[in-house]
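Engineer: below is the structure, and that's it, no one-letter string:
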């Protein structure tokens, strides 16, 4: 899975964003329509639309929202062009670790060896954009796309400096890991 595809998957892993995106795909165009269809508040819909827009999944023109399905198609094509080895672009040592622990975009288990765990955590941290604050709910939703034990992953990401949190409460933000340029 490319980092772009992983990022898009992370955006859609949140239930509210996925619900809003689905409603846009099915034809709802305004915040009021989306709120009525999804049974979410206008504020939650607006927040989901802002995140989806920043990911390039929706766009707004004169108050009407439309889905940018080409963004998903491009990410899919990029993943297919990468070949069957989802870790082919990583250096040899990193690819070996990622192949051992990540299959079909899912973490099979959390490595117990710290060196290997750091490689996996770096891979997972790429879902989070530098400079963006994430609620715990958003972090959990993004991590759940990779593994069900989101509490352990979240704790490891914070303990190893990939994510930070002010005073142990509030929002999370990315503070470490590799960045694709």
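Structural biologist: Thanks, I have it. Remember, it's a predicted structure, so these values are computed and weren't measured experimentally.
Engineer: looking at residue 149 now. What's its pLDDT?
Structural biologist: We have a pLDDT of 94 for residue 149.
Engineer: that one: what's it in contact with?
Structural biologist: Going by Cβ atoms under 8 Å, 6 or more residues apart in numbering, residue 149 touches residue 110. Any C-beta I mention is one placed from the backbone N, CA and C, and that applies to glycine too.
Engineer: list phi and psi for it.
Structural biologist: Here is the backbone geometry of residue 149 (degrees, to the nearest 10): phi -90, psi 70.
Engineer: same question, residue 67
Structural biologist: phi -80, psi 140.
Engineer: find the residue closest to residue 118 in space, skipping its chain neighbours.
Structural biologist: Nearest residue to residue 118, sequence neighbours excluded (Cβ to Cβ, 6 or more residues apart in numbering): residue 160, at 6.3 Å.
Engineer: sorry, slip of the keys, the one I care about is residue 145.
Structural biologist: Among residues not flanking residue 145 along the chain, residue 13 sits closest, at 4.2 Å (Cβ to Cβ, 6+ apart).
Engineer: distance of that neighbour relative to residue 39?
Structural biologist: 20 Å (Cβ to Cβ, to the nearest Å).
Engineer: which one of those two is surrounded by more residues?
Structural biologist: residue 13 (18 against 8; other Cβ atoms under 10 Å).
Engineer: which residues touch residue 57?
Structural biologist: 8, 11, 12, 21, 67, 68, 71, 72.
Engineer: please repeat the previous calculation with a cut-off of 10 Å.
Structural biologist: Contact analysis of residue 57 by Cβ atoms under 10 Å, 6 or more residues apart in numbering lists 8, 11-12, 17, 20-21, 24-25, 49, 51, 67-69, 71-72, 75.
Engineer: over to residue 29?
Structural biologist: 23, 60, 61, 62, 63, 64, 65, 66.
Engineer: outline the domain layout of this structure.
Structural biologist: Following automatic domain parsing, the chain resolves into domains at 3-73, 85-174.
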